[in-house]
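[1] missing the sequence, but the structure's below:
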Ligand code: HEC
């Protein structure tokens, strides 16, 4: 191993340790970001209106803005608009906040800018982190958001997970085990100086395989990220265009310079 790769290793370890500590023992799964992938964004929009918009609004998002994702107004109207027939409306829900709070114990927050509040990795992990919990009022609990009032609305798609707890003598062993899991894992202090690692295991399958469900959630989180900052995609595309333009300009400027100087050298 060269000194260089060793240093990179040290830096990565320190960064990983920092991330671990900052999340109070919770290791988030990184969301596979595909910001400019319109097909993924379209699937994410479909998942969002079908599974989330029943409870959560997105009041800063207008349906007709979805033409950004390469959809026509007709497609939006036919496939994504269940709550309204006006293409210029925002994504609101019929459920009142007071009703929702009474039904679930907490109102479902507006999700327009949720991706900026929580970050993509948090959302991706959260949607992968539901497990069956008979003690919870909804019958569900979540490793990322303990005692969340939201039921696992995607259970028929993902299947049902159960919580697995393994006890370790000390914190180092528990953290090493949590890293070895390579998916969602949470380290918590147990009684008498011991630590538990909490992970999830599938109890019964859903309509999608584990890999398909991860892709489903990745598309959904991708869409939530787009929704939180729709203009960002235009900025990125503009930036790429500007760099290509500068590249071409450079080639011409260089050719011109060679031409001017060729007699002088
Ligand atoms: C049956 C109603 C319902 C549906 C459907 C639903 N949620 Fe929720 N959701 C809730 C409730 C209630 C809360 C508030 C939980 C709390 O504060 O304990 C919540 C909270 C959340 C939060 C955490 C908000 C925060 O930062 O505190 C996120 C993120 C979220 N939902 C995403 C989604 C997504 C994505 C979908 C679609 C797959 C979805 N929800 C579908 C009811 C719902």
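    Received the coordinates, thanks. All of these numbers come straight from a predicted model, not from anything done at the bench. Numbering: from 1, shown residues only.
[2] hmm, residue 45 and residue 80 touching each other?
    Yes - using CB atoms under 8 Å, residue 80 is in contact with residue 45, at 6.1 Å. In short, each C-beta sits where N, CA and C put it, glycine included.
[3] the two - which one has more neighbours?
    Taking neighbours as other CB atoms under 10 Å, residue 80 and residue 45 compare with residue 45 leading, 26 against 19.
[4] residues contacting that one?
    By CB atoms under 8 Å, 6 or more residues apart in numbering, residue 45 lies in contact with 66, 69, 71, 80, 223.
[5] how far does the host helix or strand of residue 249 sit from the chain's center?
    Residue 249 belongs to helix 231-261 when assigned by DSSP states H and E. Chain-centre distance of helix 231-261: 33 Å, with CA atoms, centre = their mean, to the nearest Å.
[6] equivalent analysis for stretch 139-159, please.
    15 Å.
[7] with stretch 134-146 instead?
    Counting by CA atoms, centre = their mean, stretch 134-146 comes out at 20 Å from the chain centroid.
[8] and stretch 74-86, by the same measure?
    The answer for stretch 74-86 is 25 Å, by CA atoms, centre = their mean.
[9] pLDDT averaged over that stretch - what is it?
    Average pLDDT, stretch 74-86: 88.
[10] so of the contacts of residue 45, which ones are in strands?
    Among those, no member is found in strands (DSSP state E).
[11] joint contacts of residue 80 and residue 45?
    With CB under 8 Å, 6+ apart as the test, residue 80 and residue 45 both reach 66, 71.
[12] tell me the mean pLDDT for the helix holding residue 249?
    Rounded mean pLDDT across helix 231-261 is 94.
[13] buried stuff in it?
    residue 233 (16 or more other CB atoms under 10 Å).
[14] go on, stretch 126-142?
    126, 127, 128, 129, 130, 131, 132, 133, 136, 140, 141, 142.
[15] what residues sit buried inside stretch 192-202?
    In stretch 192-202, counting by 16+ other CB under 10 Å, buried: 195, 196, 197, 198, 199, 200.
[16] torsion angles phi and psi at the first one?
    Yep, that's residue 195 we're talking about. phi -130, psi 140 (degrees, to the nearest 10).
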